[in-house]
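# below is the structure, and that's it, no one-letter string:
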């Protein structure tokens, strides 16, 4: 958690208290995992992460390539 707080503080300029308050209002990691359709675990090498990312990208590209677009902006 400290690493997460430190990263947010470094990029946002928020205080530790402000970051902690924001985090306290967010879903917990276990809640996010329960709701997620997919989870990429970044627990290995950069090469491994790239491979996992490309597999997931190919999966979703295949799904959406076969479906016609919908909405009012269609031709």
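Good, I have the coordinates. Values in this document were obtained by computation on a predicted structure and should not be read as measured data.

# any buried residues in the host helix or strand of residue 34, and which?
Element membership for residue 34, per DSSP states H and E: helix 29-35. Applying a neighbour-count criterion of 16 or more other CB atoms under 10 Å, helix 29-35 contains no buried positions. Quick note: C-beta positions are derived from backbone N, CA and C, even for glycine.

# next SSE downstream of that helix?
Scanning forward in sequence from helix 29-35, with DSSP H and E defining helices and strands, the next element found is helix 46-65.

# what residues does that following helix touch?
By CB atoms under 8 Å, 6 or more residues apart in numbering, the list of residues contacting helix 46-65 from outside reads 38, 40, 41, 42.

# export those to a markdown table and tack on pLDDT and neighbour count?
A markdown table is the format used below for these (pLDDT from 0 to 100; neighbours: other CB atoms under 10 Å):
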| residue | pLDDT | neighbour count |
| --- | --- | --- |
| 38 | 95 | 8 |
| 40 | 94 | 11 |
| 41 | 92 | 8 |
| 42 | 92 | 11 |
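
# what is the nearest of these to residue 29?
For the contacts of helix 46-65, the closest approach to residue 29 (CB to CB) belongs to residue 41, at 12.3 Å.

# ok, and the closest non-adjacent residue to that closest one?
What sits nearest to residue 41 in space, not counting adjacent residues and going by CB to CB, 6 or more residues apart in numbering, is residue 52, at 7.7 Å.

# perfect, I'm done here.
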